[in-house]
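1. I'd like to go over a predicted model; first the sequence, then the structure.
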Amino acid sequence: MTFTPEQDDLRASVRKLLDREAEPWPALCAQVGAAALTVPERFGGFAIEPATQPADPADSIHHSGPIRPRQPAAPGSPDDAIGLTEVQIVAEELGRDLTDVPFLGSSVLAVTSLLATTNTNTNATETDSPVLARLLPALAEGIVGALAWTADGHWDPLQPAFTADESTVNGTAHYVLDAAGADVLLAAARTPDGPALFEVDPASPGVRCEPVPTMDETRHLATVTLDRVRARPLGRVDLARVRDVACAVLAAEQAGAAARALELTVEYTRRRVQFGRPIGSFQALKHRMADLHVLVETARSAAYAAPGSPRLAAVAKVHCSEVFAAVAAEMIQLHGGIAITWDHPAHRYFKRAHATSQLFGAPHHHLSRVHP
């Protein structure tokens, strides 16, 4: 697994910025362009333009191919552009610090759902894509978007939370990332023609957004209820592709968090002295940390392989969830009593591990995609 010099520079820039900024989202958008990484260049972003329009959600054949539109050009070539790997690099760095920013909910979920909607395909000219021309430049600048999708936490691509009758949307969605205070609210709904995407005015009568308490306080979720709300239909949406992209990016975040949790644990075992020597020098602990290192490296490999196909995205979701949970648990065990105090970050990694394992579907839901 190798990265280009440009990708290494991106990683270093994000890490330095997160060390420097207490409220990093404005700086991530203005200085790094994090919010623009998923937005195509024609709409003010840095992302690779899809070679073809979004696939028909009713067509199952397209689910066997890569989940990204096309492979990036060779590094250094005139056509070199941003692909999903760069998005994952940013997610990995955000995961290391458990950074509280709307990157996953807005820049990944909301933008990807717009690009996966048939009536707003990115091959159309800007005149033919008024929705994209209006929403994507704003999202690329850092305004927050939210996608309301799941009713039960299964994130089923064919069973979104809402129902739609022409332009009227009704229902309740749970676990909506960054919905409270979102400037752009998108709703996935069941229609006679299949799942479709609707744009909802958050200030419309009948829209109710209720933040919910979360175990992981750095990830904001809400319940969104639409009571026969008039909404703008955007077209049929390929939620399977949205889920796969989200799983690939989330897997990179989990791998980054697991790596940092292991680093903190190794540092602690070098300082903690028992029986006159650092506990990290004991062979039993060396073996445990070596095993954790192997797990972290395999998680990174799985995460960066995830864009290759929907099956690999499912593999990454399952493996990275299990690895992060295992590393976070060992972090608490190897730190001892201090790890269960609010003064130490170990509990935050443990909570993030268990919260992310359920996001976009629990690991056992994805196993059927790995072993059909």
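-> Sure, I can see it.

2. next SSE after the helix or strand of the chain with the lowest mean pLDDT?
-> Across the helices and strands of the chain, mean pLDDT, DSSP states H and E gives its lowest value to strand 273-274, namely a mean of 84. Past strand 273-274, further along toward the C-terminus, the next helix or strand under DSSP states H and E is strand 277-278.

3. per-residue pLDDT, Ala151?
-> Per-residue confidence for Ala151 comes out at a pLDDT of 91.

4. in this structure it contacts Tyr175, no?
-> No: here Ala151 does not reach Tyr175: they are 9.3 Å apart, not a contact under Cβ atoms under 8 Å. C-betas here are computed from N, CA, C, even on glycine.

5. who's more crowded, these two?
-> Just comparing Ala151 and Tyr175: by other Cβ atoms under 10 Å the higher neighbour count belongs to Tyr175, 24 against 17.

6. measure the more buried one to Asp100 for me?
-> In this structure, Tyr175 and Asp100 are separated by 17 Å, where distance is defined by Cβ to Cβ, to the nearest Å.

7. repeat that for Ala261.
-> Plainly put, Ala261 is 17 Å away from Asp100 if you go by Cβ to Cβ.

8. who has more neighbours out of those two?
-> Each of Ala261 and Asp100 has its neighbours counted (other Cβ under 10 Å); Ala261 has more, 29 against 14.

9. tell me if that one really is in a helix.
-> Yes: Ala261: assigned to a helix according to DSSP: H, G, I helix; E, B strand; the rest coil.

10. still on that earlier bit, what residues does the least confident helix or strand of the chain touch?
-> Here strand 273-274 makes contact (Cβ atoms under 8 Å, 6 or more residues apart in numbering) with Ile279.

11. adjacent strands (with direction) for it?
-> Strands that pair with strand 273-274, judged by DSSP bridges, come out as strand 277-278 (antiparallel).

12. how far off centre is the strand it pairs with?
-> Put simply, strand 277-278 sits 40 Å off its chain's centre (Cα atoms, centre = their mean, to the nearest Å).

13. same question, stretch 98-118
-> Distance, centroid of stretch 98-118 to centroid of chain: 7 Å (Cα atoms, centre = their mean).

14. could you list the buried residues of it?
-> In terms of neighbour count (16 or more other Cβ atoms under 10 Å), stretch 98-118 has its buried residues at 98-99, 101-118.

15. then stretch 214-224?
-> Here stretch 214-224 shows Asp216, Arg219, His220, Leu221, Ala222, Thr223, Val224 as buried, counting by 16+ other Cβ under 10 Å.

16. with stretch 7-18 instead?
-> The neighbour-count check on stretch 7-18 (16+ other Cβ under 10 Å) flags Gln7, Leu10, Arg11, Ser13, Val14, Leu17, Leu18 as buried.

17. can you redo the residues you listed as TSV with secondary structure?
-> Written out in TSV, the entries for those read as follows (three-state DSSP):
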residue	secondary structure
Gln7	helix
Leu10	helix
Arg11	helix
Ser13	helix
Val14	helix
Leu17	helix
Leu18	helix
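
18. can you tell me which of the residues you listed is nearest His287?
-> Within the set of the buried residues of stretch 7-18, Arg11 lies nearest His287; the separation is 29.9 Å, counting by Cβ to Cβ.

19. in a strand, Glu210, correct?
-> Yes: counting by three-state DSSP, Glu210 is found in a strand.

20. how close does it get to Ile48?
-> From Glu210 over to Ile48 the distance is 37 Å, taken as Cβ to Cβ.

21. pick out whichever of the two has more residues nearby.
-> With neighbours defined as other Cβ under 10 Å, Glu210 and Ile48 compare such that Ile48 has more, 21 against 12.

22. surely that one meets Pro40?
-> Yes: using Cβ under 8 Å, Ile48 and Pro40 qualify as a contacting pair, with a distance of 7.5 Å.

23. and Pro157, which of the three is it?
-> Pro157 is classified as coil under three-state DSSP.

24. the buried residues of stretch 214-224 in strands, which ones?
-> Secondary structure from DSSP state E places Leu221, Ala222, Thr223, Val224 of the buried residues of stretch 214-224 in strands.

25. report the beta-bridge partners for the last one.
-> According to DSSP bridges, the residues that bridge with Val224 are Ala173, Cys209.

26. now for it: which residues touch it?
-> In this structure, Val224 makes contact with Ala146, Ala148, Thr172, Ala173, Val176, Ala179, Leu185, Ala187, Val207, Arg208, Cys209, Glu210, judged by Cβ under 8 Å, 6+ apart.

27. same check on the third one?
-> Residues near Thr223 by Cβ under 8 Å, 6+ apart: Thr172, Ala173, His174, Val176, Cys209, Glu210, Val212.

28. just give the nearest non-adjacent residue to it, would you?
-> In space, not counting the residues next to it along the chain, Thr223 is nearest to Glu210; the distance is 4.8 Å by Cβ to Cβ, 6 or more residues apart in numbering.

29. list the contacts of that neighbour.
-> When the contact criterion is Cβ under 8 Å, 6+ apart, the partners of Glu210 are Ala222, Thr223, Val224, Thr225.

30. alright, I will stop here.
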